[in-house]
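A.B. asks: below are the sequence and a predicted model; questions follow.
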Amino acid sequence: MNAIAPIDECLDMIIVGAGISGIGMAVHMQRDCPDKRFAILERRDQIGGTWDLFRYPGIRSDSDMHTLGFSFAPWKHEKSIADGPAILDYLNDIADQYDLRRRMRFGQKVISADWDSKTARWTLICEQDDGSRQQLQARRQGKRQPAQIGQATREKQNQIQTHPASPAQGGGQGQKAG
Ligand SMILES: Cc1cc2nc3c(=O)[nH]c(=O)nc-3n(C[C@H](O)[C@H](O)[C@H](O)COP(=O)(O)OP(=O)(O)OC[C@H]3O[C@@H](n4cnc5c(N)ncnc54)[C@H](O)[C@@H]3O)c2cc1C
């Protein structure tokens, strides 16, 4: 069994994969939560996922890029059904524009991700190309202690149950449900 280095880092968030999903998530994090520490773990050496991995001639999107692309980076190419290299360029441009590469850690294959309710933390184990393994953690956000989650959830449920039923639901105004 490979030795695992001790946990040396706890981030606010960990994104697994630098494909279109991970890149989109990272942009939202960077824009909306600039004070949060996060990393993107990618097992390959490049970004793009599908659009970097597959290089066969004629590879293209199935749907139009106005739909597949991001709202924060509208697709401006002439062809809306785009070929693979154009999509990869699009993703690389976004990574540069939002300075995402400094967040990316390549050659990191996530082999496990475990949640611990007591500490409210994820622990991930990553394997590098040489077989060495590293652990890192991400903590749950917010100031509430895990024990308080149940109470908060109950309060939320009460709010939902006591909210006046809307006419569309067939309930009378001001009536309490349940
Ligand atoms: C020819 C073709 C056309 C397509 N057209 C469309 C389309 O028009 N519309 C559409 O919605 N979808 C389409 N798809 C599907 C397409 O794959 C997805 O839409 C999209 O690219 C998926 O992005 P993703 O980031 O979720 O996953 P991926 O592109 O698969 O990226 C995942 C990334 O995570 C990394 N990764 C995976 N596991 C680990 C791990 N354990 N540790 C670390 N890193 C890891 C991978 O290396 C990869 O870089 C198409 C696919 C193909 C092949």
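C.D. replies: Thanks, I have it.

A.B. asks: got the contact list for stretch 95-107?
C.D. replies: 18, 23, 26-27, 30-31, 38-47, 73, 94, 128-129 (Cβ atoms under 8 Å, 6 or more residues apart in numbering). C-beta here means a position set from N, CA and C on the backbone, and glycine is covered the same way.

A.B. asks: identify the residue nearest Arg43 in space, chain neighbours excluded?
C.D. replies: Lys109 (3.8 Å; Cβ to Cβ, 6 or more residues apart in numbering).

A.B. asks: now that neighbour, what are its backbone angles?
C.D. replies: Phi and psi for Lys109, reported as degrees, to the nearest 10, are phi -90, psi 120.

A.B. asks: hmm, which of the contacts of stretch 95-107 are the buried ones?
C.D. replies: Among these, those buried by neighbour count (16 or more other Cβ atoms under 10 Å) are 18, 23, 26-27, 38-44, 47, 73, 94.

A.B. asks: quick one: end-to-end length of stretch 64-79, please.
C.D. replies: 9 Å (Cα to Cα, to the nearest Å).

A.B. asks: that should have said stretch 41-59, apologies.
C.D. replies: 26 Å.
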